[in-house]
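>>> give me a model of this one.
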Amino acid sequence: MKPLRSFSGQIGLILLFIICASFLTDGAPEARAQQPGPFVSDPVTPGMFDGNVHVLPPVVVDRQTPGIQRTQGILPGTVDRPSPGPTGDGALAPTTLDGAAVTPAEFANANPNFDGIPYTGFVPPDPVGDVGPNHYIEMVNSQFQIFDKQGGNAAGPFNINSLWVNAGVGNLCLNNNNGDPYVVYDHLADRWLMSQFAVPNGFATPPTAQCIAISQTADPVNGGWYLYEFVFNFGHDYPKIGLWPDGYYMSSQQGFSGGSLNAVVFDRANMLNGNPATFQAFTSGSPALIWLPSDLDGPAPPPGTPNIFARHVDGDLWGGADRVDLRAFSVDWGDPTNSSFTPLPSLATAAFDSDLCNGTNLFNNCVPQPTGGVLLETLTHWAMGPLQYRDFGDYATLVFNHTVDVDGADHAGVRWYELRDEGAGWFIRQQATHSPDAGNPGFADDPHRWMGSIAMDKAGNMALGYSISDGNTIFPGVAYVGRLAGDPLGLMPQGAPPNGEFVLVNGQDSQIVNGSRWGDYSAMRVDPVDNCTFWYVNQYITNNPLVGQPTGGAWGTRIGAFRFPSCNQVDLSINKTDSPDPVVAGEILTYTVDVTNNGGNTATNAVVTDTLPSGVTYIADSDSCVEAPALTLTCSIGNLAGGGNTSFTIQVRVDASLLANLDVATTSIGNTASVDSDQEDANPEDNSVTISTNVIESADLRITKECKPDQPNAAPAGTETFCDIYVDNLGPSDARDVVITDQIISTTPITVTGITSSSTEGPAASCSPATPIGPDTEITITCEDDVLPAGARDTITVTFTADEPGDVDDTATVSSETPDPDNSNNIAIGRVTFAAGADLSLDKTASPDPVTAGEELTYTITVTNDGPSTAQAVEVRDDLPAELTNVSVSSPGNTCNAGVPGDPLLPLTCNMGNLASGDVEVITVVADVRADTPDGTILFNQARVSSDTGDPDNSNNNDSVPVDVEAEADLEVVKTSDAATYKPNTTITYRVTVTNLGSSDAQNVLLVDQLLDDKKMVYESDTGGCIFEAPRTLTCDLGVLEAGESTEFFIFIKVKGAFGDVPNTATVSSSTDDPDLSNNEDTLIVAVQGGPP
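Next comes the predicted model:
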């Protein structure tokens, strides 16, 4: 349990310090009756802003118009000033950096580091900010903006009073947007506080007000806000607010330097719930050297611990010794008379000088710039906050700073303090003035440092931020420095050359037209997530020009975050196991990574980096690892609480080719994993682990065979067939020195005509002996493959043939140097059956062609066995055409039958028995073509050969010969008479004989007899069925006259008168071609003499 530090020891015999103040009441909430203790307000009911702040009107920023000069809280008149003592800050001259630790990169490199709210037109900007788990809120005169923690804009900027305007609540807070903003993240409640004052008549003339917005949830963008307007009846300027468990404490002043100071506490508990809330207020007298209220970081102090107010006092200017004044503000919400604002013993400090250029003047315009000649104000008389309070259990600390003259020559530096209470009261544990003397001796060539803010992380490390400028080359910018808890006391050694600090942002121009007003304050905060990361905001001058001003830039703000890894030191350890071990090449190897945080602090952003061995391929993990570059895994395991443990698995596949590439049977692979986090590790020796895994090999080779034709089908002898041998590596490893043996045993000699080899991956196997191989009945083929990758297939095709029937048994086996877990699939058997095959061919010719009808035609049929086998029971069939007759067939040694021409059921046949390969048989067929075959007839004749032996090529087993038939009939006509001489008026009897001397029947035979003048010769009749057409034509249709046939008939003609020789001509013709027309006509002359008979 934390010890309760004694408050009574600090106040001695002081029972109660009561300040009785007169309060103005015009325009303020009605005050309660006067009573001992603080002023207590009436309850203030908040307004509500329910919604997303994006509904607020966006700010239209004029970033180029010269700014509105805000009047600082100064009252006319002076105070008595003691005689000045020694000037400068010589009592705390800069010390050496001996013993300081090396600055870690996380502190030296701000991340993020981004611009905040830009120029608003108000001077100075009063930049302030605070950080929460997910957001950073910045406020300036008179706007606010919400950022994510990467520097991205989440909302804004908006005018501060737009919350009240949108909600339509309040009076002073709605109608005034006066600034002096302040923002606090309440980590005890996970809420936000934003505030500014409202001084419609100036800060010194009541009513004045503090406008406070409390977030309704942890989400400042979407969660809504409670809007309070606390109205005061006293002067109110330069408010500063601190978080405390029992209230939000605020200080302000009523007018520098003769005005009073205000100490106010607001009812935090009711404000967090949106209930009506009151405030209690005390005042203390002049000079108006501003108080800073304690602002809690980290764990809450013991219950009842008062909020400490602190300030510095330059005794030479304000009387007494140089010192730190303290007051304890205790609040009792149930009985305000018990509330008190009690002085504590002042703490003597090392001498310092707050007189920078202008004595007790508040502004003390003293800091030079490279251009323009304008000196910037320093506010040396007011302490710079926040006054950060941190409880470490055995002790508590307060840190704050103020600006001093470091050398008596008006050179600005930052005096900082760490106060500590270990239970017996507050004391100064360490103090120093930060103003490193770099370059030449003295500070003339060193930058001025002022307007600082300081904070301490949970490990006791500190960061101090401030403004920097000089009259040479350094424009007004922002810098920071730090110290580790173990560094020598009184030093801020964690900086970088040449000036012993880190620059958050360089100034880019001078502030000229906007005058001397500068900053008013800045804010160093500590991230509540880790209580280690510092977030700092301050003003700098940009190179954005102002309208009509040839020189000088507008102000901007800069926000940056940095940390000391030693803040929340952790003790991470990593262990790793593998399974299986040994692992087979090609199989999955699983690593189990186990990370333990042996320390007490949370390790944030813990990352495991796993360097995978060569020869593996990353597959997956149970975390969120990213592979980049190849074989390097970055695995984010997030935050790991103290004492926590996490584990995850990484799966890799060992390359199937690992051992094959090395040509070894076993090897080992090493894997190294390391763990790191945002924090420094107390024991880095166990942050890395290396594990070795044995790798062996195993390749399940499978051989299969496919031979064609499939059984029970047979391949004709003489044809080429094949067996495909497939060798598959089923893995998981590549197979080394693979040997495939194919043994062929046959019942008939075979010849291997070809061996082809291919592989789906890598070179094909090499096979021997060369082809052709055989003919032989036993043949062995060997194929070798140096490496058959896992998943790959070798294909070997063996082609072969046999001339005679038989069975071929083909047995293939596979082996390799790589162990095979399953030998049952290392053999494959195939069979091919060759059936006898005789390629019979038939050729047929005819002579003569064309043939004359009635003449002889000879067919020659040639049968050949092209093998390879003997043809069994060879038979030739020939379908002779019906136009043939008198057929004879001859084929020595064979049995033939002429058949019946024209009858397909009785073809010509010749049985030749067995015909050996290469044998030739001839069949001669002689026949007469029927004489009555019409001219132009085509004789179609098809012969075919077959046998009981399979024929691989039936296309040549038949032949057809078309023969053209020409009909020729040689007609001859002979005409005779029954006498040579006739008397007039007698009848001549003509005998007409027509003979077909040709081979073919004569078709359409026609005989024409031309008689003489009908007056001399008169047709009487005929026996040939002739037709007489007057005057003298006799036409006789004789029809068909077969070859060798004759026909005769008689014509009877009566002769009138005696006129000597009487000729008579007969002409014969036919539709059948007649090769000899010379005998187609015959003329007979008879004589008619004398008178009438």
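>>> helix, strand, or coil at the closest residue to Phe392 other than its chain neighbours?
Nearest in space to Phe392, with sequence neighbours left out and distances taken as C-beta to C-beta, 6 or more residues apart in numbering, is Gly460 at 7.5 Å. Quick note: C-beta positions are derived from backbone N, CA and C, even for glycine. Look at Gly460: counting by DSSP: H, G, I helix; E, B strand; the rest coil, its state is coil.
>>> Gly460 reaches Ala485, doesn't it?
Yes: assessed by C-beta atoms under 8 Å, Gly460 is found in contact with Ala485 at 3.4 Å.
>>> ok, the two, which is more surrounded?
Gly460 (17 against 14; other C-beta atoms under 10 Å).
>>> which residues touch that one?
392, 397, 485 (C-beta atoms under 8 Å, 6 or more residues apart in numbering).
>>> strands along the stretch 451-600 of the chain, start to end?
462-469, 477-483, 502-505, 523-526, 534-545, 553-562, 572-579, 583-584, 588-597 (DSSP state E, counting those that start in this stretch).
>>> which of those strands is buried the deepest?
Of those, the one with the most neighbours on average (mean count of other C-beta atoms under 10 Å) is strand 462-469, at a mean of 28.
>>> give me the next element, helix or strand, following the longest strand seen in the chain.
Ranked by residue count, the top strand of the chain under DSSP state E comes out as strand 735-759. Using DSSP states H and E, the helix or strand that follows strand 735-759 in sequence is strand 766-768.
>>> list the contacts of the nearest residue to Asn499 once chain neighbours are set aside.
Leaving aside its sequence neighbours, Asn499 sits nearest to Ala438 (C-beta to C-beta, 6+ apart; 5.2 Å). By C-beta under 8 Å, 6+ apart, the contact set of Ala438 is 445-446, 497-500.
>>> of the residues you listed, just say which sits nearest to Leu56.
Leu56 has its nearest neighbour among the contacts of Ala438 in Asn499, at 41.3 Å by C-beta to C-beta.
>>> residues contacting that closest one?
436, 438, 446-447, 468, 479.
>>> strands along the stretch 701-850 of the chain, start to end?
Going by DSSP E, counting those that start in this stretch, the stretch 701-850 of the chain shows strands at 715-716, 720-732, 735-759, 766-768, 773-788, 793-802, 806-815, 827-835, 838-847.
>>> quick one: list the elements packing against the second one.
Taking 3 or more C-beta pairs under 8 Å, 6 or more residues apart in numbering; DSSP states H and E as contact, the helices and strands that strand 720-732 lies on are strand 699-708, strand 735-759, strand 773-788, strand 793-802, strand 806-815, strand 827-835.
>>> and the third one, what does it pack against?
Meaning strand 773-788. For strand 773-788, the packing partners by 3+ C-beta pairs under 8 Å, 6+ apart are strand 720-732, strand 735-759, strand 766-768, strand 793-802.
>>> tell me the most buried of the ones you listed?
strand 793-802 (a mean of 22).
>>> re the thing from before, which one of the strands of the stretch 701-850 of the chain lies nearest to Gly425?
The nearest among those, by C-beta to C-beta, is strand 720-732 at 75.1 Å.
>>> strand 588-597 and that closest one, what's the angle between them?
Angle of strand 720-732 versus strand 588-597, following axes from the mean of the first three to the mean of the last three C-alpha atoms, to 10 degrees, is 10 degrees.
>>> which intervals of the stretch 951-1093 of the chain have sub-threshold pLDDT?
1013-1014, 1058-1059, 1091-1093 (pLDDT under 70).
>>> ugh, wrong one, the chain
In the chain (pLDDT under 70), the answer is 1-36, 61-105, 1013-1014, 1058-1059, 1091-1093.
>>> domain assignment for it?
Taking automatic domain parsing as the criterion, the chain consists of the domains 69-562, 572-696, 699-835, 838-966, 971-1088.
>>> remind me which helix or strand the nearest residue to Thr981 once chain neighbours are set aside belongs to.
Nearest non-adjacent residue to Thr981, counting by C-beta to C-beta, 6+ apart: Ala1087, 4.6 Å away. For Ala1087, the element it lies in under DSSP H and E is strand 1081-1088.
>>> show me what that strand is packed against.
Going by 3+ C-beta pairs under 8 Å, 6+ apart, strand 1081-1088 lies up against strand 971-977, strand 981-982, strand 986-996, strand 1060-1069.
>>> can you list the strands that it pairs with?
strand 981-982 (parallel), strand 1060-1069 (antiparallel) (DSSP bridges).
>>> need the residues that contact that strand.
973-977, 979-984, 986, 988, 990, 1055, 1057-1068.
>>> repeat that for 7 Å
973-977, 980-982, 984, 988, 990, 1055, 1058-1067 (C-beta atoms under 7 Å, 6 or more residues apart in numbering).
>>> which members of those are classed as buried?
Applying 16 or more other C-beta atoms under 10 Å to the contacts of strand 1081-1088, the neighbour count classes 973-975, 977, 982, 984, 988, 990, 1055, 1058, 1062, 1064, 1066-1067 as buried.
>>> of these, which is the nearest to Phe147?
Scanning the buried ones among the contacts of strand 1081-1088 for proximity to Phe147, where the rule is C-beta to C-beta, the winner is Thr1067, at 132.9 Å.
>>> how far away is the closest one from Lys1016?
Applying C-beta to C-beta, to the nearest Å, the value for Thr1067 to Lys1016 is 21 Å.
>>> how about Ile703?
114 Å.
>>> more neighbours: the two, which one.
Neighbour totals were compared for Ile703 and Lys1016, and Ile703 leads with 21 against 17 (other C-beta under 10 Å).
>>> show me what that one is bridged to.
Val727.
>>> what of the one 4 residues further on?
The bridge-partner assignment for Cys707, based on DSSP bridges, gives Cys723.
>>> identify the residues contacting it.
723, 810, 830-832.
>>> now those residues as a markdown table including distance to Ser869?
A markdown table is the format used below for these (distance: C-beta to C-beta, whole Å):
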| residue | distance to Ser869 |
| --- | --- |
| Cys723 | 22 |
| Asp810 | 22 |
| Gly830 | 23 |
| Arg831 | 20 |
| Val832 | 16 |
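>>> out of these, what pair is the most spread apart?
The most distant members of these, if one measures by C-beta to C-beta, are Cys723 and Arg831, lying 9.1 Å apart.
>>> what's the overlap in contacts for those two?
Joint contacts of Cys723 and Arg831 (C-beta under 7 Å, 6+ apart) are 707, 810.
>>> and the helices in this structure, which stretches?
Using DSSP state H, the helices of the chain run over 8-11, 105-108, 162-167, 172-175, 268-272, 315-318, 658-662.
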